[in-house]
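*Asks:* pasting the sequence and the predicted coordinates here, then a few questions.
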Amino acid sequence: DVQLQASGGGLVQAGGSLRLSCAASGFIFDDYSIAWFRQAPGKEREGVLCISSREGTTNYADSVKGRFTISRDNAKRAVYLQMNSLKPEDTAVYYCNAYQVGDGYEHDYWGPGTLVTVSS
């Protein structure tokens with residue numbers, strides 16, 4: 001079975017840091033790009049940042065550039081989200097997503113999220 005398990009969320013004061021982890025199993029991890037999404041209360045889910053499957057190319061939403069960093073360890077089948085200089089507006093449930101798009105196919109996996117709460 002495919003599993004994506006995000007962890008590391010919690011309560012932190014504004015200006016603080018958290019590191020989220022996403023552990024994957026049940027698919028060929030190296031072949032998938034991984035993204036972090038978040039959904040704040042009353043808002044739509046939004047993409048935050050992503051990292052490509054093999055080259056490790058990253059893309060960041062403007063709202064987190066310079067503060068958040070994504071990395072992956074293919075040997076451990078894990079992706080990490082280092083969040084620094086957290087702001088109250090970063091409060092959300094954070095989800096990791098594994099996706100693969102090829103010629104005529106698309107695979108897309110989600111796991112349960114982890115709640116990040118940033119107090120002012």
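*Replies:* Structure received. Residues are numbered from 1 along each chain as shown.
*Asks:* every contact and neighbour count from this point should use C-alpha atoms.
*Replies:* OK.
*Asks:* show me the residue sitting in the middle of this protein in space.
*Replies:* Centroid-nearest residue in the chain: Trp36, 2.4 Å away (criterion: Cα atoms, centre = their mean).
*Asks:* am I right that that residue is in a strand?
*Replies:* Yes. Assigned with DSSP: H, G, I helix; E, B strand; the rest coil, Trp36 falls within a strand.
*Asks:* who is it paired with across the strands?
*Replies:* On the basis of DSSP bridges, Trp36 is bridged to Leu49, Cys96.
*Asks:* and for Arg19?
*Replies:* Beta-bridge partners, per DSSP bridges, of Arg19: Gln82.
*Asks:* these two touch, right, it and Met83?
*Replies:* Yes. With contact defined as Cα atoms under 8 Å, Arg19 counts as touching Met83 (5.9 Å).
*Asks:* more neighbours, the two?
*Replies:* Each of Arg19 and Met83 has its neighbours counted (other Cα atoms under 10 Å); Met83 has more, 20 against 16.
*Asks:* nearest residue to the more buried one in space, please, no chain neighbours.
*Replies:* Leaving out its chain neighbours, the residue that sits closest to Met83 by Cα to Cα, 6 or more residues apart in numbering is Phe68, at 4.5 Å.
*Asks:* need the contact list for that neighbour.
*Replies:* By Cα atoms under 8 Å, 6 or more residues apart in numbering, the residues touching Phe68 are Leu81, Gln82, Met83, Asn84.
*Asks:* so can I have CSV of those showing pLDDT and distance to Thr58?
*Replies:* As requested, those are arranged in CSV below (pLDDT from 0 to 100; distance: Cα to Cα, whole Å):
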residue, pLDDT, distance to Thr58
Leu81, 97, 12
Gln82, 97, 13
Met83, 98, 15
Asn84, 98, 17
